[in-house]
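Q: Have a look; sequence and predicted model below, questions after that.
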Amino acid sequence: MANYIEIKRADLRAKIAPNNGGMVAQLSISGTDVLMFHESAVETTPMSAGGSPIMFPFPSKTKNDTYTLGGRDYAMPMHGLVKNSTFAVKHQADNAVTLWSDGSRSQKEANYPFDYVLEIEYRIVNSSLISTASVTNMSDVPMPHCLGWHPYFKATDKAALVFEHTMTSRYNYIDYVDEPTVTDIDLSKRWDDVFHTPEKKEFTLYNRPDGYQARCILDDAHNVLVVCSWVEGAVCLEPWCGLPNAANSGRFLKYVQPGKTESYTMALEIKKYIQSQG
């Protein structure tokens, strides 16, 4: 059964689901929902329930659902291992919560041969929800990984959306090649595309019909943006730190050294549209 931790500051509120992959289940400003979320699906299909799930150690799909490390093949499910995990609460305050999880022995044997701790901190500061994932490598060898966020932005009228980004390349994940980018993206059309190498580490979604604007500000580790528009009632604008199949290709693959911690931060700055605005 899903349970939620609510954090809030002024008009911005978020509900976090520690038993369901540590995801953000709800984000709202002055009662206006920013994320689509279907609570009835969170127990069975958390990645498609909406909200903002976390993808670790590798987002997307590895080729043939496997990757090779140290001369051995490992299985890697779509979007990684933590989407169904239960996170424990490390710290909680009115406007912040920190969750943590680590890998099981069976995962280490079958999927990911590392001892690690993954901490997720959510903080509301002014008009922003700041999400920070910290990955600690407790093994004695460097640990490859990529981290991805998967927010489902509520969108009831996709033809009215305005989306701005500065990605300079589009990645063909079928043939594993780069192609020219697309700057003018009409989200009313079907997109399931991967872009990378931004000029500026941010993007903005203007959603006047649903009454909000979301500006996503990213740290330097984020190089990839996935645009998926075919989900009913939502658009998925997903900041990642690595490309699909990075576990095999090595493109934008991250490493955390033994005994060290690497952190990745995404800030969602939310503004509410007033209908009388021009």
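A: Thanks, I have the structure now.

Q: contacts and neighbour counts: CA atoms only from here.
A: Noted.

Q: Look up which residues are beta-bridged to Ile120.
A: Ile120 has the following beta-bridge partners by DSSP bridges: Leu99, Ala133.

Q: That one and Thr132 touch, don't they?
A: Yes: using Cα atoms under 8 Å, Ile120 is in contact with Thr132, at 5.7 Å.

Q: Looking at these two, which is more packed in?
A: Between Ile120 and Thr132, counted using other Cα atoms under 10 Å, Ile120 has the larger neighbour count: 25 against 18.

Q: Show me what the mean pLDDT comes to for stretch 152-171.
A: Averaged across stretch 152-171, the pLDDT comes to 98.

Q: distance between the ends of that stretch?
A: 21 Å (Cα to Cα, to the nearest Å).

Q: Pull out the buried positions in it.
A: 152-156, 158, 160-163, 165-171 (16 or more other Cα atoms under 10 Å).

Q: One more: stretch 207-225?
A: For stretch 207-225, by 16+ other Cα under 10 Å, it's 207-208, 210-218, 221-225.

Q: Where helices are concerned, which of those residues count?
A: Within these, no residue falls in helices by DSSP state H.

Q: Quick one: the helices in the stretch 51-200 of the chain, in order.
A: 105-110 (DSSP state H, counting those that start in this stretch).

Q: all strands for it, in order.
A: Listed in chain order, the strands of the stretch 51-200 of the chain (DSSP state E, counting those that start in this stretch) span 54-55, 66-69, 72-75, 88-93, 96-102, 116-125, 128-137, 143-145, 148-149, 152-154, 162-164, 167-172, 177-180, 192-198.

Q: So what's the residue count around the residue nearest to Asp193 when sequence neighbours are not counted?
A: Distances taken as Cα to Cα, 6 or more residues apart in numbering place Val227 nearest to Asp193, at 5.3 Å, with adjacent residues excluded. For Val227, the neighbour count with other Cα under 10 Å is 19.

Q: Could you name the helices and strands sitting against the strand or helix carrying Val227?
A: Under the criterion of DSSP states H and E, Val227 resides in strand 224-228. The contact analysis (3 or more Cα pairs under 8 Å, 6 or more residues apart in numbering; DSSP states H and E) places strand 224-228 against strand 192-198, strand 234-240.

Q: Check which helices and strands the first one sits against.
A: This means strand 192-198. Strand 192-198 packs on strand 167-172, strand 224-228, going by 3+ Cα pairs under 8 Å, 6+ apart.

Q: would you turn those strands into a markdown table with distance to Met55?
A: Below are the helices and strands packed on strand 192-198 laid out as a markdown table (distance: least, Cα to Cα, whole Å):
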| stretch | distance to Met55 |
| --- | --- |
| strand 167-172 | 19 |
| strand 224-228 | 13 |
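
Q: So for Tyr116, which of those strands sits nearest?
A: Taking Cα to Cα, strand 224-228 is the member of the helices and strands packed on strand 192-198 nearest to Tyr116, at 23.8 Å.

Q: what lines up beside the closest one in the sheet?
A: strand 192-198 (antiparallel), strand 234-240 (antiparallel).

Q: Please produce JSON lines containing the ones you listed, extended by mean neighbour count, mean pLDDT and distance to Gly259.
A: Shown next, in JSON lines, are the strands paired with strand 224-228 (neighbours: other Cα atoms under 10 Å; pLDDT from 0 to 100; distance: least, Cα to Cα, whole Å):
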{"stretch": "strand 192-198", "mean neighbour count": "19", "mean pLDDT": "97", "distance to Gly259": "29"}
{"stretch": "strand 234-240", "mean neighbour count": "24", "mean pLDDT": "98", "distance to Gly259": "24"}
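
Q: Could you list the low-pLDDT ranges of the stretch 1-150 of the chain?
A: Scanning the stretch 1-150 of the chain with the threshold set as pLDDT under 70 gives 1-2.

Q: The same query, at a cut-off of 90, please.
A: Across the stretch 1-150 of the chain, residues meeting the criterion (pLDDT under 90) sit at 1-3, 39-49, 83-84, 103-106.

Q: Apart from its neighbours in sequence, what residue is nearest the spatially most central residue of the chain?
A: Most central residue of the chain, judged by C-alpha distance to the mean C-alpha position with Cα atoms, centre = their mean, is Trp149 at 0.5 Å. Nearest residue to Trp149 in three dimensions, chain neighbours excluded: Ile54, at 5.1 Å (Cα to Cα, 6+ apart).
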